[in-house]
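In: build the 3D model from these lines:
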Amino acid sequence: MRYGIIADVHSNLEALRAVLDILKEEDIDRFLCLGDIVGYGASPNECVEQIRRLKSEVVIGNHEWGVLHPEILPFFNPVARQAIEWTRKELFWENLKYL
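Out: Got it, this is the predicted structure:
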C-alpha cells in the first residue's frame, strides 16, 4: 500500500495544489494528513475542502486545535494567534465541523 502524506499546509492553496499534482503521478492508495491544514495563509476553506475531497485520515494539528479551542491561544506566538483568530472567522461551518 502506498500512502500520500501531507502536512503543514497552513492554508497555502498553491503549495497544496502543487503537492497534489505531484502525488497524482504516484499510485497512491490512501492519503494521510498530519495536521495544520489551516493557519497563516489566505485560503483556509479551499485547503480544508481539498483535504476533505481526498477522504484522507487527518490528525489534528495545533492550528486546528487553536481554531476549535480559543482558550489555548495564549500559548501561540502573536502572529500565529492572529492567523488563527482570522481563520476562525473565515471558515465555513462545514469546514469548521470537519476540523
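
In: got the contact list for the spatially most central residue of the chain?
Out: Centroid check for the chain by Cα atoms, centre = their mean gives Ile37 as the closest residue, at 0.9 Å. By Cβ atoms under 8 Å, 6 or more residues apart in numbering, the contact set of Ile37 is Val9, His10, Ser11, Pro44, Cys47, Val48, Ile51, Val58, Gly61, His63, Glu64, Leu99. (Glycine included, C-beta is placed from N, CA and C.)

In: and for Leu54?
Out: Gly4, Leu20, Phe31, Cys33.

In: which of these ranks first by neighbour count?
Out: Compared across the contacts of Leu54, Cys33 has the highest neighbour count, 22 neighbours, by other Cβ atoms under 10 Å.

In: look up phi and psi at that residue.
Out: phi -120, psi 120 (degrees, to the nearest 10).

In: surely it meets Arg53?
Out: No: look at Cys33 against Arg53 with Cβ atoms under 8 Å: they stay out of range, at 11.7 Å.

In: if we can go back for a sec, sort out which of the contacts of Leu54 are in helices and list them.
Out: Leu20 (DSSP state H).

In: can you list the contacts of Leu54 in JSON lines and add distance to Thr87 and pLDDT?
Out: Shown next, in JSON lines, are the contacts of Leu54 (distance: Cβ to Cβ, whole Å; pLDDT from 0 to 100):
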{"residue": "Gly4", "distance to Thr87": "24", "pLDDT": "97"}
{"residue": "Leu20", "distance to Thr87": "21", "pLDDT": "98"}
{"residue": "Phe31", "distance to Thr87": "22", "pLDDT": "97"}
{"residue": "Cys33", "distance to Thr87": "16", "pLDDT": "98"}
